[in-house]
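here are the coordinates; sequence isn't available:
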């Protein structure tokens, strides 16, 4: 796979998992994206989709080596970690990257969700080789000799990291859980810096403009309209709407995708709705 980036969505939903017949086409798991660049496996976020990824990895056989990068530690982005089967298997190796939270290290934050009485099995029981590496907004991370991860701060309560992955001239950008400035109308410079010229831009499009203005301002999430503005300004090739509202059913997401594609029909920009299952390559 040298020279390409492959990625697959294992969780695309925001806030809370939403299984059921009305979300089955796009998926109801919370955020988890698997990225393979060269021989390196990078996992973006550990929402409930991480459990499904773990099942897939177990079928591939052992050993498993991967970097798990957490944009932040809100519940919907870490809830799959206690159910990630490969982490319990000796011989597997996982490097976990993310921010500390005040006096709490990244490790301590993750231990917290697996502590009695919240959960019966502690993080320490995981038999794989786990290491914890703290990131601050603006930090860069080298994976092997040929993959570079850059970060920028996103606008979200309790902070969040935006991610840019570069490999062999290809770029994938992951900006989930971020809110634009609804008053000034100015584009977020941190998002633009990450997305500049990207092949793939995965962006938090949780709301329509109408629903956002009707009580969601300040909640830390963005809109389909803002996603298009940013993608155009950054001259990205492919835009993926992500972090779907738990109330957005499949038919509604179909409608938003049709609207966005009609808006961009004469442009080089390709627009997609993030969906669990398919693999993509750039």
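Structure's in. What do you need? What you see is a predicted model; the values in this text were computed from it and never measured.

which strand or helix spans residue 280?
If you go by DSSP states H and E, residue 280 is part of strand 279-281.

next, count neighbours for residue 120.
Neighbour count of residue 120, defined by other CB atoms under 10 Å: 10. Heads up, the C-betas are built off the backbone N, CA and C, glycines and all.

please disregard the earlier target; I meant residue 220.
18.

quick one: the strands in the stretch 151-282 of the chain, in order.
Counting by DSSP state E, counting those that start in this stretch, the stretch 151-282 of the chain has strands at residues 161-167, 170-175, 200-204, 238-242, 270-273, 279-281.

same for the fourth one, what does it pack against?
What it means is strand 238-242. strand 200-204, helix 224-234, helix 250-263, strand 270-273 (3 or more CB pairs under 8 Å, 6 or more residues apart in numbering; DSSP states H and E).

in the second one, which residues are buried?
This points to helix 224-234. Buried residues in helix 224-234, defined by neighbour count with 16 or more other CB atoms under 10 Å: 224-232, 234.

how about the residues you listed in JSON lines, adding distance to residue 193?
JSON lines is the format used below for the buried residues of helix 224-234 (distance: CB to CB, whole Å):
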{"residue": "224", "distance to residue 193": "22"}
{"residue": "225", "distance to residue 193": "21"}
{"residue": "226", "distance to residue 193": "16"}
{"residue": "227", "distance to residue 193": "16"}
{"residue": "228", "distance to residue 193": "18"}
{"residue": "229", "distance to residue 193": "15"}
{"residue": "230", "distance to residue 193": "11"}
{"residue": "231", "distance to residue 193": "14"}
{"residue": "232", "distance to residue 193": "16"}
{"residue": "234", "distance to residue 193": "9"}
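
quick one: which of those is nearest to residue 54?
Lowest distance from residue 54 to the buried residues of helix 224-234 (CB to CB) belongs to residue 227, with 29.4 Å.

centre of the chain to stretch 19-26, how far?
Stretch 19-26 sits 19 Å away from the centroid of its parent chain (CA atoms, centre = their mean, to the nearest Å).

I meant stretch 19-30, not that one.
Counting by CA atoms, centre = their mean, stretch 19-30 comes out at 17 Å from the chain centroid.

got a list of contacts for that stretch?
9-18, 47-49, 51-52, 76-77, 79-80, 244, 249-251, 253, 273-277 (CB atoms under 8 Å, 6 or more residues apart in numbering).

how far does stretch 163-170 sit from the chain's center?
The chain centroid and the centroid of stretch 163-170 are separated by 15 Å under CA atoms, centre = their mean.
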